[in-house]
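> can't give you the sequence, but here's the structure:
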Ligand code: Q46
Ligand code: ZN
Ligand code: ZN
């Protein structure tokens, strides 16, 4: 197969676009597609300060690379979750640090244990929130700390490396379970609101195999190993099912996601509703839908002062 642009040997064939490209043209295609997505969904502008949430994986590091290549001011944020007695987190952190060093960029490193008192797996054990999987507390801590850090450090947008496969799998799960609340919030951009930084996903139209190929071609070293708790995750199951369909009908993942966005834009099935009112957490100042402390501070209190936490929760 030959590159559509120059006729050289193709390095990748993207069946959903009926497009084959050589290594060189593919390296340029990814940033140009990303820029088109940024503009199409009004994600941010060249003057904005971006904070890229990096995990050490291919997607987030490839995204950081692309944003720098496109000329954006983009710093990194790594959250050390203390996974696998700290070993997995140490490994992923080393890839983020190496990338930041090689590009001479700022990387903010935040240890969850400094904020919560303990690592994520210990927090799950102490609070008995998720018996063998700490993912629910992990998600809560990540959302809270990323948002807070972005606001405190005065970034305009928090950017994440979610790719099309991630978004399609989330959409698949939300649709199968008809989780209308999540469907309403899912999209390439989450607008800023008081207490919430703007969030954007510039890779939301790029397949996972393409971000992997891009990382490889750009010589970006990343952690191959998944978080040990990712094993058996529903999202992986949904991705496999979608990949099965994609093999038979190339482009089905992309059209599933894009048709959803179009339907949402045209308000065909997800009606907009008034945002719920938010109170301010008396501890950290974050917005919360509860009358008292935010969910993160309630977990923190439960870890440090179990009896006081019970009072707060009651
Ligand atoms: S990092 Fe955290 Fe994931 Fe690991 S503990 Fe679960 S949620 S699987 S993206
Ligand atoms: Zn070419
Ligand atoms: Zn709080």
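Sure thing, it's come through. Treat the numbers as computed from the prediction; the structure is a model and nothing was measured. Numbers count the residues shown, from 1 in each chain. Ligands and ions are numbered 1, 2, ... in the order given.
> Wait, a helix at residue 79?
No - counting by DSSP: H, G, I helix; E, B strand; the rest coil, residue 79 falls outside a helix, being strand.
> show me the contacts for it.
53, 110, 112, 141, 142, 145, 146 (Cβ atoms under 8 Å, 6 or more residues apart in numbering). (C-beta placed from N, C-alpha, C; glycine too.)
> Name the member of those residues with the most neighbours.
Among the contacts of residue 79, the one with the most neighbours (other Cβ atoms under 10 Å) is residue 112, at 24 neighbours.
> all strands of the protein, in order?
For the chain, applying DSSP state E gives strands covering 12-14, 19-21, 49-53, 73-80, 107-111, 157-159, 189-190, 198-200, 279-280, 287-288.
> Name the strands paired with the longest one and say parallel or antiparallel.
For strand 73-80, the paired strands and their directions (DSSP bridges) are strand 49-53 (parallel), strand 107-111 (parallel).
> how deep is residue 47 tucked in, by neighbour count?
With other Cβ under 10 Å as criterion, residue 47 counts 8.
> per-residue confidence at it?
Per-residue pLDDT puts residue 47 at 98.
> Same check on residue 276?
67.
> The residue most central in space within the chain and residue 190: what is the separation?
Ranked by distance to the mean C-alpha position of the chain (Cα atoms, centre = their mean), the top residue is residue 160 at 4.0 Å. Separation of residue 160 from residue 190 (Cβ to Cβ, to the nearest Å): 10 Å.
> Give me the common contacts of these two.
Common contact partners of residue 160 and residue 190 (Cβ under 8 Å, 6+ apart): 199, 200.
> Identify the residues contacting the closest residue to ligand 1 within the stretch 151-300 of the chain.
Going by Cβ to the nearest ligand atom, ligand 1 is nearest to residue 227 of the stretch 151-300 of the chain, at 3.1 Å. Shown in contact with residue 227 (Cβ under 8 Å, 6+ apart): 83, 88.
> For ligand 3, find the nearest of the strands of the chain.
Closest to ligand 3 of those, according to Cβ to the ion: strand 287-288, at 6.6 Å.
> what are the pairing partners of the closest one, and which direction each?
Checking strand 287-288 against DSSP bridges gives partners strand 279-280 (antiparallel).
> residues in contact with the partner strand?
Residues contacting strand 279-280 (Cβ under 8 Å, 6+ apart): 195, 286, 287, 288, 289, 290, 291.
> Please tabulate those residues in CSV and include distance to ligand 1, neighbour count and pLDDT as additional columns.
Shown next, in CSV, are the contacts of strand 279-280 (distance: Cβ to the nearest ligand atom, whole Å; neighbours: other Cβ atoms under 10 Å; pLDDT from 0 to 100):
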residue, distance to ligand 1, neighbour count, pLDDT
195, 23, 17, 95
286, 20, 20, 94
287, 22, 15, 93
288, 21, 21, 94
289, 22, 10, 90
290, 23, 13, 90
291, 28, 6, 91
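> Now compare these and name the two farthest from each other.
Farthest-apart pair in these is 195 and 291; separation 15.7 Å (Cβ to Cβ).
> Please work out how many residues are found near the nearest residue to residue 235 once chain neighbours are set aside.
Distances taken as Cβ to Cβ, 6 or more residues apart in numbering place residue 169 nearest to residue 235, at 4.8 Å, with adjacent residues excluded. For residue 169, the neighbour count with other Cβ under 10 Å is 26.
> before we move on, the earlier item: can you give me the separation between the residue of the stretch 151-300 of the chain closest to ligand 1 and ligand 3?
Taking Cβ to the ion, to the nearest Å as the measure, residue 227 falls 25 Å from ligand 3.
> All further residue positions should be reported with the first residue as 2.
Fine by me, first position is 2 from now on; the one you just mentioned is residue 228.
> shaky segments in this protein?
Along the chain, the model assigns pLDDT under 70 to residues 131-132, 269-277, 307-315.
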